[in-house]
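> Fold the following and give me the result.
(chains A, B and C)
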Amino acid sequence: MTIAFYTLAAFILALGVLVVSTKNTVHAVLFLVANFLCVAMLYVLLQAEFLAVIQVLVYAGGIVVLYLFVVMLVNLKRGPETHVDPRRRDRMGLLIGGAVLAEFVAILLYGFAPRATGAAPAAAAPGVGNVEQVGWSLYVDYLVPFEVASILLLVAMIGAIVLAKKEP
Amino acid sequence: MTDPHPVTATRTPVQFDTDELVINMGPQHPSTHGVLRLILRLDGERVVDADVVIGYLHRGIEKLSESRDWTQIVLLTDRMDYVAAATNNLGYCETVEKLMGLEVPRRAQYIRTVLAELQRLASHLVWLGTHAMDIGAVTVFLYCLRERELVLDLFEEYCGARLTYNSRRVGGLPADLPVGWDRKVREFCDIVDQKIVDYEQLLTQNRIWLERTRDIGVISGADAIAMGFCGPPLRASGVMRDVRKDEPYAAYEEFAFDIPVGAAGDTYDRYLVRLEEFKQSTRIIRQALDGMPEGPVMGKVPRLIKPPAGETYHAIESPKGEIGFFIASDGKSLSPYRFRVRPPSFCNLQVLPKLVRGHLVADVVALIGTIDIVLGEVDR
Amino acid sequence: MIETLVVPLVKIAVLLVGILTAVAYLVLLERKVQAWVQVRLGPMRVGPHGLLQPVADVIKLIIKEDITPARADRWVYTLAPIIVLVPALVVFAVIPFGPETNVFGIRMPLHVADINVGLLYIVSIASLGIYGTILGGWASNSKYPLLASLRASAQLVSYEVAVTMTLVSMILMAGSLSMVEIVESQQARGLWFVFAQPLAFFIYFVGGLAETNRAPFDLPEAEQELTGGFHTEYSGIRFALFFLAEYANMIVIAAVATTLFFGGWLRPFPSVAALGLLDIVPGWIWFLLKTFVLLYVFLWVRATLPRYRYDQLMRLGWKVLIPLAIANVIVTAIAVVVL
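Predicted coordinates:
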C-alpha cells in the first residue's frame, strides 16, 4: 500500500512539473489528464471509489476536454503588443508563489499538529457504502453550502452565456 | 522608479484570434462527383466563400471535333456527359440535320424519344443515388444503380454498348428496334414506377432528409435565370422552362406530359422535381411505345455528309438541363469549322459558389449533388 | 490463490479474446447486413460466405505500411489510437455476462469485477476515449481530420450528458450503481426496465448511436464530407486500433443497454413462471442474444437513414434529448419516492 502510494505520489508530482514545463500546450493538457488519472488511483487506494470515478468523469473526461478544445481552437501565439515589463511579472510570480508555499506549509503544520479534539474521520459505518456516505454528507450534513455552490455555478454559467452572446 | 520599458503599443481589446480555414476539396474527394475541385474558405464549419476549379477532365472535345468528320463526332459527344450519352448524340445529330435540312423518319423520331427518356431515367437514377449517398443514405445509391443496370441492359440490347452508345446517326438511327424490346421497356417502366415509391418511402418524408435538404441552397427564379441555371434546378425555382415543351424536338410534340415546377428553389424542391420527372418519363415512354409508327429508321442522307456553309444553334433538354450545340460549317471541308457545346453541367456549376455561401461543409456535398454535374461535360 | 489471482486473470484473457473476436465478426456482420439490405452479397471470397474475411482483414491491416504524416506530432499520433482502444476494452470488466455459474467445477460470477460504482465506472472510463479522437485528429497535422475531431469531441461531450442522465434514472429505479445489483433488482421486480423506462431507453440508444459515431450521427467520419474523419491520415495497425475501438464501443453500448434495460442475463418475462422452460438456456446466452439483437439494430439503422448535419445533431442533443432526459429523471425520482 505504502509503496503504491509513494509511487503514485511521485508520478503525480512529476506529471505536475511536466504540465507547467512543457512548451507544447497540447502535451501539457495530456500530462494534466494523466495527472488526474493518477489522483483518481490515489482515491482508489483510499477506498474512495466513488470519488475516484467522479474525478475521472468530471475532471479527466469533462473539464480537460474543454481545455483541449480551447487550446486547439485558439491561436496561442502572443501578439507583439502584449509587452509587459518582465521584472514586474517576476515580482507577481514571486508573490503568488510565496503565498501558495505559505499555504502549503500551513496545511502541513496543521496536519502534523496533534489534534486536540481527536475527531477521527468518521469511520465507515458497516454496511453503508461509499456512495451513500457521500450522499449523506452532501445532501444532509452540508445541504445548504452544497445548494449555494450549485447556485453560484449556475450564476457563473448564465454570466458566461450573457457575455458570449453580447453583440460586438 | 521609472519604467525602462514604457508600453508604447496601443492595447487592443482582447479577442480570440481566429483564422479562416482554407480547405481544399477535391479533385480527389469522394463526393465531388469526379474531379471537381473546390477551394473552400471556412469560418468554423461555415463556408465563407467557395472557388470552383475545373479542367481536370479536359480533353478538348470541341477542338478535336474540328478535325473529325461529321459522323465521327457522334462518338465524341458520348464522352461529354457519359451518364447521359444518348442525349448528347441526339442533340448533335439534330443540330447537323437542322444545318443540312434533313428529314428524319417518324419511326426514328419516336425511337429517339424513347431512348432519350430512358437515358433521362438512367441519368436521374445516378443523380438520385449519388445525391442520397452524399447525404449518407448509401442504400438508396445501391437501389438506384440496380435499376439503372436495367436501362443499361436495354441500351446494350439496342446498340451493343452500355455507357458510350453512339446510338444515333445523322438522319436517323443505326438500327431498328430488336424484336421484343418494347415489351422489355414496358416492364422496365413498371419496375421504375414501383421503385420510385420505395425511394420516396426512404427519403421524401424522412425527417433527416427533410432537415438536410429544406432551405438549403435556395435560389430565386430571377437569380436562377440571371445566372444561367437550366434544367430541373431552374424549374425547381419556379421557372417554367423545358426545351421539350418550349421548342419541341424529336417527337415530343405528340405526347402528353407535364413539366413539374417547384416553388422554394431549395434542394428539396430540386429533389421533388426530379422525382416527378421519373414519372413523366415513363409516361412519355409508354405513349411512344403505344403509338410507335412503322417505317424506316434512316432518312435519305447523302453518302458523304457535308453540310452547306452556314451556322446553327440547336438545344435539347438533357437530363441535366439545356444542352445546346453551335456548329459552323464552311461548306468545303469534311469537318465542322467551329464546334461549340453549351453544357448544362458547366452552366449549373457556376451557380455553386453562390449556393454554398453561408452554408455548412456538410451542405456543400449536398449542393454539389443537387445541381447534378458530370465533370466530363463541364470540362469537355 | 486460485480464487484471487488465477480466476480473474483467466477471465480477463477469455474476455479480451472474446471481445476481439466479436469485434472482428461484428465488422463482418455489418458488411453482410448492409449487403443484404442493399441487395448485394457482401464478402463471399474468403472462406464459405466470407466467414474468414475478418482474419484476412486483420492480416492485411497488420502488414500494411504504417505511415506517419510529415510534421505530425509523432508521440501523440501514436498514442491516440491506444487511448481510444483501451477504455473501450477496459469497461467490459464490470459487465455481468451471467449469474453465478459453475465453470469447470469452480463456482464463479461471470464478470471480472463487481465494483459498487460499476455504472459510473463505465461512464467515466468511456469518457476518456474521446481524447484519442481529438488528439488523433489534431496530431495528424491535417485539416480534414482536425475538423472531424472537433466535430467528434463536441458530439461526444453533448451526447454524454443525455446518456448519463438516462443512467441516473436507471440508478433511481435500481437503487444501486452496481451492474450486478441492477440486474438483480430487475429480477426482484420481475420486470425488464425497458418496459418501465421506454423513454430512457430511447434516449440512451440515440445517444449511444451518437457517442459511437454511428449513422445517422457518423459526422466525425462522414467520408462524403470529410474523406474519412479523424483517422483519415492513419493507416495499417494504428488505423486498425481506431476501427477496433469503434466496434468495441458499439458492443459496450449494446451490452450496457442489455444490462440496464433488458434484464441482463434474465430470460424474457422473468416473473412469468409458465415460461420456466426457458431457464434451460443459460443466462449468458440470453445476454449475448439480447446484445446481438441490439447490435443488429445499430446496423439496420445505418443501412436505412441519411446523415444528420452537424448543427442539427447539436440541436437534437441539447434541445430535445437532454431536456427529455432531465424530465425523465425528475418523473422517475418522483415515482420512486411516491411508489
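
> Chain C contacts on chain B?
Within reach of chain C by Cβ under 8 Å from any Cβ of the partner chain, chain B has these residues: B:21, B:23, B:29-31, B:42, B:45, B:132-139, B:142-143, B:146, B:202-203, B:206, B:208-209, B:211-212, B:360-365. To be clear about C-beta, it is placed using only N, CA and C from the backbone, and glycine gets the same treatment.

> does A:V105 count as helix, strand or coil?
When states are read from DSSP: H, G, I helix; E, B strand; the rest coil, the local structure at A:V105 comes out as helix.

> what's around it, how many residues?
Counted by other Cβ atoms under 10 Å in any protein chain shown, the residues lying close to A:V105 total 10.

> From A:F112, how far off is it?
11 Å (Cβ to Cβ, to the nearest Å).

> Then A:V19?
As it turns out, when the distance is counted by Cβ to Cβ, A:V19 lies 28 Å from A:F112.

> repeat for C:L324
52 Å.

> what domains does the record give for chain A?
A:1-74, A:132-168 (automatic domain parsing).

> Please save the CA atoms from stretch C:271-290 in PDB.
The C-alpha coordinates for stretch C:271-290 follow below in PDB (Å, rounded to 0.1, in the frame of the first residue of the first chain):
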ATOM      1  CA  SER C 271     -41.700 -13.200 -13.500                       C
ATOM      2  CA  VAL C 272     -43.900 -15.500 -15.500                       C
ATOM      3  CA  ALA C 273     -43.500 -18.900 -14.100                       C
ATOM      4  CA  ALA C 274     -45.200 -20.600 -17.000                       C
ATOM      5  CA  LEU C 275     -42.200 -19.800 -19.100                       C
ATOM      6  CA  GLY C 276     -39.800 -21.600 -16.700                       C
ATOM      7  CA  LEU C 277     -39.000 -23.800 -19.600                       C
ATOM      8  CA  LEU C 278     -36.800 -21.100 -20.900                       C
ATOM      9  CA  ASP C 279     -34.500 -21.400 -17.900                       C
ATOM     10  CA  ILE C 280     -32.800 -24.300 -19.600                       C
ATOM     11  CA  VAL C 281     -31.000 -21.800 -21.700                       C
ATOM     12  CA  PRO C 282     -28.100 -20.500 -19.600                       C
ATOM     13  CA  GLY C 283     -28.100 -16.800 -18.700                       C
ATOM     14  CA  TRP C 284     -25.100 -15.800 -20.600                       C
ATOM     15  CA  ILE C 285     -26.700 -17.000 -23.800                       C
ATOM     16  CA  TRP C 286     -29.700 -14.800 -23.200                       C
ATOM     17  CA  PHE C 287     -27.300 -11.900 -22.500                       C
ATOM     18  CA  LEU C 288     -25.400 -12.500 -25.800                       C
ATOM     19  CA  LEU C 289     -28.600 -12.900 -27.700                       C
ATOM     20  CA  LYS C 290     -30.000  -9.600 -26.500                       C
END
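
> Buried residues, it. List them.
Using 16 or more other Cβ atoms under 10 Å in any protein chain shown as the burial criterion, the residues of stretch C:271-290 that qualify are C:283-284, C:286-288, C:290.

> ok, which of those residues also contact chain B?
Counting by Cβ under 8 Å from any Cβ, no member of the buried residues of stretch C:271-290 is near chain B.

> tell me the average confidence for the helix or strand containing A:L101?
With the criterion set as DSSP states H and E, the secondary-structure element containing A:L101 is helix A:86-112. Averaging the model's pLDDT scores along helix A:86-112 yields 83.

> Could you report the neighbour count for the nearest residue to C:D279 once chain neighbours are set aside?
Leaving aside its chain neighbours, C:D279 sits nearest to C:R267 (6.2 Å; criterion: Cβ to Cβ, 6 or more residues apart in numbering or on different chains). Counted with other Cβ under 10 Å, residues neighbouring C:R267 total 18.

> Check whether C:R267 really touches C:L278, as I assumed.
Yes - counting by Cβ atoms under 8 Å, C:R267 sits close enough to C:L278 to count as a contact (4.3 Å).

> got the residue ranges for the helices in the stretch 101-250 of chain B?
Ranges of helices in the stretch 101-250 of chain B, per DSSP state H, counting those that start in this stretch, are B:106-134, B:138-159, B:181-203, B:207-213, B:221-226, B:232-236, B:243-246.

> Which neighbouring elements make contact with the last one?
For helix B:243-246, the elements it packs on are strand B:310-318, judged by 3 or more Cβ pairs under 8 Å, 6 or more residues apart in numbering or on different chains; DSSP states H and E.

> now swap in the first one and tell me
Packed against helix B:106-134, as judged by 3+ Cβ pairs under 8 Å, 6+ apart, are the following elements: helix B:85-100, helix B:138-159, helix B:181-203, helix B:267-290, strand B:310-318, helix B:361-371.

> circling back to that earlier point, quick one, which of A:V19 and A:F112 is more surrounded?
Regarding A:V19 and A:F112, a neighbour count based on other Cβ under 10 Å identifies A:V19 as having more, with 17 against 7.

> For the one helix or strand the more buried one maps to, buried residues please.
For A:V19, the element it lies in under DSSP H and E is helix A:2-21. Along helix A:2-21, the positions that meet the burial threshold by neighbour count (16+ other Cβ under 10 Å) are A:8, A:11-12, A:15, A:18-19.

> Please see if it touches chain C.
No - contact of helix A:2-21 with chain C is not found when judged by Cβ under 8 Å from any Cβ; the minimum separation is 12.7 Å.

> low-scoring stretches of chain A, by residue?
Using pLDDT under 70 as the threshold, the predicted model of chain A has low-confidence ranges A:73-86, A:113-129, A:166-168.
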